[in-house]
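Visitor: 3D model of this:
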Amino acid sequence: MSEYTGFLVVLASGLFFSELFKRLHVPYVVALIVAGIAIGPLGLGIVELTPPILFLGSIGAVFLMFMAGMEVRTGAVSKFRKKLVVLVLMNGAVPGLVGFVVTLIFGYEPITAVIIGTVFVSSSVAVIIPTLEAKSLISTDVGAVIIGATILEDLGSLFFLSMVLQTTDPTTFLPLPIFIGIVAVSVFVLKYFLPRIEEWFFKNRDREKFEQEFQFVLITTIAVAVYFEFLGMHAIVAGFLVGLILSGTIKHHRIESKLHAISYGVFIPIFFLEIGIETDLTVFFSINDALYLTVAIVGGLIASKLLSGYVAGRLIGFPKYTSLLIGGASIPQLSTSLAVAFTASELGLLDARLQASIVILSMVTVLLAPFIIELLTRNFK
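Guide: Sure, this is the predicted structure:
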């Protein structure tokens, strides 16, 4: 099969499965992963992961984290600072510890356990925001607290991931404390100056020329990502930071829509399809405890997120059903979890059964979380 044919099959299968599963009310991400499994070695075996597809998949991982960063709005963080400290410590640290312990119990090295613990810390803004919007909870206090906690948990998990990767696969020429300091300063400086640079650049120009402004944003995005990679930051973390920095810079709705179309129309689907193709479900039959590991990981995350969110919600003054809603909304695992699994697997830090477990975890929680939120919001309202 030629590279063009393989590329066509990948894109066409993603479109077909996403449309098919949409009619069954199955999330887009689950459809793409299933499509990857269907066309990969475990299914029809009609697609091989050629270097061009692998390259586009890695770009998709960066764009996925970039769009996750774009979703971040800091207003929710600044309004409920004290409550968020308690919530993040409970709803991030407790699941992180559970993930760490579960992985150690199954005989993995501490460094691998730290990576799985990092996955347990995170949640998914991309799943939570649309679900809360559908229930008219975005503008409420509990909605703002949930979104603010998710943002901080994602930032924390990516920070820990960056530290872990720097210790196992160092890519920076700088000592670690200096590296952290330069990255932190760079984020604040770029967040302050980029909107002003854009305003100056288009001050005496026709701002209706959408193509020029889109080109400016795209070049800026790539330039900032290259800068962070030059410092030694891994690509998925750099992608998230670029999205975070540009989230307040991009003011033109058409530009944001165009970035969304490019990301979710081309690159991100290839990333999810690649995950499906690479997912080896035969480990559940060939390795005795692989199924038990998956059950422990999925069950451990759901239970720890739900219980820690409930306890934290009660501690910061929310009633019972609202506290349960906070815990339930923190369950979905998507962008950060899959990107971490993808990167760690490439570096040889996760084996086939752990990679398959994280993929199953994302699929189950993305399917389950909207149902839980729907159930709890009935009582909340």
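Visitor: Does the residue nearest to Phe160 when sequence neighbours are not counted fall in a helix, a strand, or a coil region?
Guide: Nearest residue to Phe160 in three dimensions, chain neighbours excluded: Thr118, at 4.9 Å (CB to CB, 6 or more residues apart in numbering). For the C-beta atoms, the positions are set from N, CA and C on the backbone; glycine is no exception. Taken by DSSP: H, G, I helix; E, B strand; the rest coil, the conformation at Thr118 corresponds to helix.
Visitor: Thr118: what's it in contact with?
Guide: Under the criterion of CB atoms under 8 Å, 6 or more residues apart in numbering, the neighbours of Thr118 are 96, 99, 157, 160-161, 164, 340.
Visitor: what do you get for Val98?
Guide: Here Val98 is in contact with 117, 120, 300-301, 303-304 (CB under 8 Å, 6+ apart).
Visitor: Considering helices and strands only, name the one in the chain with the lowest mean pLDDT.
Guide: helix 75-79 (a mean of 59; mean pLDDT, DSSP states H and E).
Visitor: Name the helix or strand for Leu137, please.
Guide: Leu137 belongs to no helix or strand when assigned by DSSP states H and E.
Visitor: Name the nearest residue to it, sequence neighbours excluded.
Guide: Leaving out its chain neighbours, the residue that sits closest to Leu137 by CB to CB, 6+ apart is Gly143, at 4.0 Å.
Visitor: buried sites along the helix or strand where the one you found lies?
Guide: Using DSSP H and E, Gly143 sits within helix 141-168. If you call a residue buried by 16 or more other CB atoms under 10 Å, then helix 141-168 has these buried ones: 142-162, 164-166.
Visitor: on that earlier part again, didn't the residue nearest to Leu137 look like it was pressed against Leu132?
Guide: Yes. Gly143 sits in contact with Leu132 when judged by CB atoms under 8 Å, with a separation of 5.0 Å.
Visitor: Would you mind giving the contacts of Val98 as a markdown table with pLDDT, neighbour count and distance to Ala290 added?
Guide: Compiled in a markdown table, those are given as follows (pLDDT from 0 to 100; neighbours: other CB atoms under 10 Å; distance: CB to CB, whole Å):
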| residue | pLDDT | neighbour count | distance to Ala290 |
| --- | --- | --- | --- |
| Gly117 | 88 | 24 | 20 |
| Phe120 | 87 | 28 | 19 |
| Gly300 | 90 | 20 | 15 |
| Leu301 | 90 | 24 | 17 |
| Ala303 | 91 | 14 | 20 |
| Ser304 | 90 | 23 | 21 |
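Visitor: Among these, which one sits closest to Ile182?
Guide: When the contacts of Val98 are ranked by distance to Ile182 (CB to CB), Gly117 comes first, at 26.1 Å.
Visitor: pLDDT score assigned to the closest residue to that closest one other than its chain neighbours?
Guide: Nearest non-adjacent residue to Gly117, counting by CB to CB, 6+ apart: Phe100, 3.7 Å away. The score at Phe100 is 91. That number is its pLDDT.
Visitor: Name all residues that make contact with Phe100.
Guide: Phe100 makes contact with 113-114, 116-117, 120 under the criterion CB under 8 Å, 6+ apart.
Visitor: with those residues in mind, which one is nearest to Leu137?
Guide: Set against Leu137, the nearest of the contacts of Phe100 by CB to CB is Phe120 (24.3 Å).
Visitor: Neighbours of the nearest residue to the closest one once chain neighbours are set aside, how many?
Guide: Here the nearest residue to Phe120 in space, its sequence neighbours aside, is Gly99; by CB to CB, 6+ apart that works out to 3.3 Å. When neighbours are counted by other CB atoms under 10 Å, Gly99 registers 25.
Visitor: Figure out the helix or strand that Gly99 lives in.
Guide: If you go by DSSP H and E, Gly99 is part of helix 94-105.
Visitor: the inter-axis angle of that helix versus helix 141-168?
Guide: 40 degrees (axes from the mean of the first three to the mean of the last three CA atoms, to 10 degrees).
Visitor: just the CA coordinates of helix 94-105, formatted as CSV?
Guide: In CSV, the C-alpha atoms belonging to helix 94-105 read as follows (Å, rounded to 0.1, in the frame of the first residue of the first chain):
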residue,chain,number,x,y,z
VAL,A,94,-5.1,11.7,46.4
PRO,A,95,-5.8,10.1,42.9
GLY,A,96,-2.1,10.7,42.0
LEU,A,97,-1.1,8.6,45.1
VAL,A,98,-3.7,5.9,44.2
GLY,A,99,-2.3,5.6,40.7
PHE,A,100,1.3,5.4,42.0
VAL,A,101,0.4,2.7,44.5
VAL,A,102,-1.7,0.6,42.0
THR,A,103,1.2,0.6,39.6
LEU,A,104,3.7,-0.4,42.2
ILE,A,105,1.5,-3.3,43.4
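Visitor: Provide a list of residues in contact with Gln333.
Guide: For Gln333, the contacting residues are 119, 122-124, 301, 358, 361-362, 365-366, taking CB under 8 Å, 6+ apart as the criterion.
Visitor: Many thanks, we can stop here.
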